[in-house]
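# Sharing a model that was predicted from the sequence below.
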Amino acid sequence: MKRDRRVTGACVLISFMLSAASSHAARAAMPLMSQDWAAQACEAWNAESILTDGLIDSGWIKNNAGRGYKVIQLYRSDCSESPRVQIRISVLNHKAKCVYGGGVDQELDLNVDYIMYAKTSRWVEMGRGEYGPMRGMLFGRLKFEGPKWEAMKNMGPFRKFLLLIGKVPSDVANCP
């Protein structure tokens, strides 16, 4: 009987330690759409072939005003004091690669670049795949500026991009 209590006690202790570590990891997550989050979203972009290959095949990356890159700026509309973040996409080794994720460091050309914003709850819904960009824009859940026809022709990659929101661990309770 004593041995069973020790095993049970050890299991309780291990369970408590794992729970505490998990809780700490959740608290340590960076705020959604912070500069650190954008850097990790950039890495996540590069791991998705529908983005890296698909946006080469569709010609999306070529509409770049001769600069050799496109920019997507993002923000949470319910975090009014938070700055925007951006990712920059360039062609590297015949792939549309994210080469920068972080704070905004340039002006946009809305003939080739994009601004996307939504309330935090809507970003979370899209990141979980509850709906894609078309429904988000149609119902006003996702606000969008930039070359709309180009985006419409790339709905598959656009949807995959929104799923990155849910892939990159983040704190949605706090603004950046």
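Happy to help now that I have it.
# In a strand, residue 96, correct?
Yes - under DSSP: H, G, I helix; E, B strand; the rest coil, residue 96 sits within a strand.
# wait, what's in contact with residue 44?
Contacts for residue 44 (Cβ atoms under 8 Å, 6 or more residues apart in numbering) come out as 164, 167, 168. Just so you know, the C-beta spots here come from the backbone N, C-alpha and C atoms, and that holds for glycine as well.
# Verify the stated contact: the second one with residue 127.
Yes - taking Cβ atoms under 8 Å as the definition, residue 167 is a contact partner of residue 127 at 7.4 Å.
# May I see the ChimeraX selection of the buried members of the contacts of residue 44?
To isolate the buried subset of the contacts of residue 44 in ChimeraX, counting by 16 or more other Cβ atoms under 10 Å, use the following:
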select :164,168
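# got the domain boundaries for this protein?
Domains of the chain are assigned by automatic domain parsing as 1-29, 31-167.
# quick one: which of these has the weakest pLDDT on average?
Lowest mean pLDDT within these: domain 1-29, a mean of 47.
# so which of the contacts of residue 44 comes closest to residue 101?
Using Cβ to Cβ, residue 168 is the member of the contacts of residue 44 that lies nearest residue 101, at 9.8 Å.
# which residues does that closest one contact?
Residue 168 touches 37, 40, 41, 44, counting by Cβ under 8 Å, 6+ apart.
# Tell me which entries of those lie within strands.
Among those, none falls in strands (DSSP state E).
# on that earlier part again, nearest to residue 176, out of the contacts of residue 44: which one, please.
residue 168 (13.1 Å).
# hang on, the earlier thing: could I get the contacts of residue 168 as JSON lines with distance to residue 174?
Formatted as JSON lines, those follow (distance: Cβ to Cβ, whole Å):
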{"residue": "37", "distance to residue 174": "11"}
{"residue": "40", "distance to residue 174": "16"}
{"residue": "41", "distance to residue 174": "17"}
{"residue": "44", "distance to residue 174": "21"}
